[in-house]
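In: Task: produce atomic coordinates for the following.
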Amino acid sequence: MSTPDARIADLLENAPTAANPAARPPPPPPGQEPRTDGPTLRVTVLWGDLSEVAADLHVTGHYQSVVPADAELALDRAISAGPRGLITAHTKLGWIDAQLGEVTYFPCADGTVRSAAVVGMGPMGTLTERRAGQLYASLLGEAVALGHVATMATVLIGSGTGNLSVRQAVRALVRGFSQVLTALPASPAPRLTQVLLVEVDRLRAEQLHLALTEATAHLPQLTTTPEVREGGGGRLSRPSAAVYALAALTGLGGPDDESALRAVLKDFDDGIQAQIREQLTDLATVRHTDLSLTVGRSAEAPDGSVPVRMSVQSGVGGLRWAALTGRATIPERLVPVEMGLLRELVDRLTEPSVEDARELPGLLSRFVVPSEFQRLLTDDATVLLELDRDTASVPWEFLTEIRQAGAERRDPLAIRTQLSRQLRTPYSRVMTEALSDGPLRALVIGDPGDPEKGFRLPGAREEALGVAAQLRELGVDVTLFIGATNASREQGVDLARRLDVLRVLLCGGNHIVHYCGHGDFDFSGTGRRAGWVFADGLLTSQELAMLEQPPLIVMANACYTARLAGPTGPGTGTGTGVGAGAGGGAAGAGTGAQPVPSAAAAADRTPWGNPQAALVPSLADEFLRAGVGHYIGAAWRIPDDQAVTFARQFYKNLFAEGTGDGAPTVGAAVRAARKAIHQPDDASGQVPGTVANGQRQSAWAAYQHYGDAAEPFTLPGTSDRPGGQ
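Out: Numbers count the residues shown, from 1 in each chain. Below you'll find the predicted structure:
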């Protein structure tokens, strides 16, 4: 955790003044010459792939909760025996704390990489030059303390994806390394004498070498190898290739080069040729390492692009935003938001009217999303939202691109691309047993509430029967429970008793769990627990904690009832009428009066909205804590036919053919299902203004997906079976 002084230093770092100049390598203490008798360290810049460089220890940086990419992904693949990367798996389980400077080690098999580690960079968007210096000091101190490491290979941590510039990251490295070397005794000399800074792109390797040479010029304890050396696996990016080509053109100024230059420029008219020659003359005085070019996304990688990760956390007086993309990092910042307006916005977008569903998403994007983040809300890449329990109450699925007045209205972002949520929580997922090979197994539960208390949901039965039939056609072994013990029984189907469902949930090894019914909060005991409503009580996290083989996917059409959350626990509420279900009878529309929220439920408002908005995040939190990979839930009541359509389209797309990198992703299946029930503004043909019409108009946005949208779904028995933890 950062101290108040550290947070103040972070704020001042990016605001240089006469009293606070820009950061530079630390000078020796007043009155002292640079130390010459201490241990020395040689830094060598290598053009190559980190995983192909021989060293005693290989290290990359790691942001909290961010799955590996680039150099870290290459290292992950090098140390992992199977297709599931070890570092990736530990990240998804929440096992890598990644506090600033904290080093986490991973075992390695025989090969080039003999020992691997990641050093924590903290939450994305928080790595400043000062904090990067602390990271490098921690890393070098740890490597020296190991005692057996003579050569450490790493990358310029902090300079990736547009976070710090190369020069900023180099200054941080020099400052951190110098701090450690200065503190070490002259004898005995540490075993670590060489650090290999590996860069896969040739131009960046030259830029890194130049910055490092200048920064270490007057530091006897820290020296830089005179030239860039070549390792294995080095590449040349398109922008770098363009820079080298431009540098070659600037050299065509002599009389012997005139014919070559004329051939290059022959397709331009005389006026343009003259201006190009003038600019080339000026560029000839510029080092190629000072040039940079940007290649548009359409020319780079429209498919398989790195997901856009946005972190939105609650803060005092506003929201803390940060972003990480394949191209840039937007540092964390506090964006002031008037809480009363945000609360009203969340309330009106939770089960909205037709007018609100049409008009308020644009306000959500403009009012809550900072301008520099709005440009990331495109369909160029998958969007992953990292949220806390408070910000998860906001219906982010309504996010849309900002459009100018009169411009054509486009489909919402969640319709045009994969969009999912991840919860930032203080706990780690538990290590669980992998689900066994063989046929996929699914548990389907429908309409388990007590009809005598107003919880009968005919649509939930229809949905459960339809899902069970569809999954069986897809080759899934299905266990089906429908109806409470005092409800009508479906022929050949077991009743949905809580104990029987728990038995199959804990002992059945199910890959998929599908629930259609009600959800609610339990305020008995300590704290607040969310759960699924059965005739004899709630199925909550207390029972889920015993899961040894958690399912890969849980889909729950279960939204807030405001019926059971009495002050003394489930079943003691005083409301009348039926609760509000979701999906499979979620509409419950017309089946009775709306419930009267209990005092406990009314008091349980998050800073951003009502308990209904908080239910799906709470349920997702309970299941993810138990080790579930994906939780998909509806945040408000869904008309029966749309709930059935969503489920049918989800499983249809989830089981589409494909293996390995071509396997369907869970996020793509959710997007296809949302799209299937999405209705353009004028498609409903109904009179605007009623909640019932709003349910139909906005049903697609009610479905929230918690998990990695880009994770592929592969059938058991293949190289990457579902359920493998």
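
In: For the closest residue to residue 401 other than its chain neighbours, identify the helix or strand it belongs to.
Out: Leaving aside its chain neighbours, residue 401 sits nearest to residue 377 (5.5 Å; criterion: Cβ to Cβ, 6 or more residues apart in numbering). Placement of C-beta: from N, CA and C, glycine included. Using DSSP states H and E, residue 377 sits in no helix or strand.

In: who's in contact with residue 377?
Out: 365, 369, 383, 399-402, 413 (Cβ atoms under 8 Å, 6 or more residues apart in numbering).

In: quick check: domain ranges of the chain?
Out: What the TED database lists as the domains of the chain is 39-228, 236-288, 306-421, 439-567+602-681+690-705.

In: Which one of those domains has the poorest average confidence?
Out: Ranked by mean pLDDT, those end with domain 236-288 at the bottom, a mean of 76.

In: Skip the chain neighbours and tell me the closest residue to residue 90.
Out: residue 96 (5.3 Å).

In: The one you found contacts residue 121, doesn't it?
Out: No - in this structure, residue 96 is not within contact of residue 121 by Cβ atoms under 8 Å, at 10.8 Å.

In: can you pull out the strands in the stretch 601-725 of the chain?
Out: Per DSSP state E, counting those that start in this stretch, the stretch 601-725 of the chain carries strands over the ranges 630-634, 703-706.

In: what about the longest one, distance to the chain center?
Out: I take that to be strand 630-634. Counting by Cα atoms, centre = their mean, to the nearest Å, strand 630-634 is centred 16 Å from the centre of its parent chain.

In: which residues are contacting it?
Out: Contacts of strand 630-634 (Cβ under 8 Å, 6+ apart): 519, 552-559, 582-583, 586, 616, 619-620, 623-624, 643, 650, 666, 670, 702-708, 711.

In: rerun that using 6 Å as the cut-off
Out: 553-557, 559, 582-583, 616, 619-620, 623, 666, 702-707 (Cβ atoms under 6 Å, 6 or more residues apart in numbering).

In: would you list the domains of the chain in JSON lines and tack on distance to residue 715?
Out: Formatted as JSON lines, these follow (distance: least, Cβ to Cβ, whole Å):
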{"stretch": "domain 39-228", "distance to residue 715": "14"}
{"stretch": "domain 236-288", "distance to residue 715": "37"}
{"stretch": "domain 306-421", "distance to residue 715": "20"}
{"stretch": "domain 439-567+602-681+690-705", "distance to residue 715": "7"}
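
In: Give the helix, strand or coil label for the residue nearest the centre of the chain.
Out: The residue lying closest to the centre of the chain (Cα atoms, centre = their mean) is residue 384, at 4.2 Å. Secondary structure for residue 384, judged by DSSP: H, G, I helix; E, B strand; the rest coil, is strand.

In: quick one, what contacts it?
Out: 307, 309, 420.

In: and the second one, that's in a strand?
Out: Yes - counting by three-state DSSP, one finds residue 309 located in a strand.

In: Tell me how many other residues surround it.
Out: Using other Cβ atoms under 10 Å, residue 309 has 25 other residues around it.

In: do the same with the first one
Out: Burial of residue 307, expressed as a neighbour count using other Cβ under 10 Å, amounts to 23.

In: which one is it nearest to, not counting chain neighbours?
Out: For residue 307, the closest residue by Cβ to Cβ, 6+ apart turns out to be residue 382, at 4.1 Å.

In: before we move on, what about the last one?
Out: Ranked by Cβ to Cβ, 6+ apart and with sequence neighbours excluded, the top spatial neighbour of residue 420 is residue 709, at 3.6 Å.

In: Could you check how far residue 413 is from residue 397?
Out: The gap separating residue 413 from residue 397 is 8 Å, by Cβ to Cβ, to the nearest Å.

In: Settle it for me: which of those two has more neighbours?
Out: Under the neighbour definition other Cβ under 10 Å, residue 413 and residue 397 were set side by side, and residue 397 has more, 24 against 21.

In: Show me what residue 222 bridges to in the sheet.
Out: residue 41 (DSSP bridges).

In: Counting neighbours, what do you get for it?
Out: A count of nearby residues for residue 222, using other Cβ under 10 Å, gives 21.

In: didn't it look like it was pressed against residue 215?
Out: No - look at residue 222 against residue 215 with Cβ atoms under 6 Å: they stay out of range, at 8.6 Å.

In: and the end-to-end length of stretch 229-246?
Out: 23 Å (Cα to Cα, to the nearest Å).

In: can you list contacts of that stretch?
Out: Residues outside stretch 229-246 that contact it (Cβ under 6 Å, 6+ apart) are 46-49, 52-53, 200-203, 288, 291, 293, 295.

In: Against residue 192, how distant is residue 271?
Out: Taking Cβ to Cβ, one finds residue 271 at 60 Å from residue 192.

In: I'm done for today, thanks for sticking with me.
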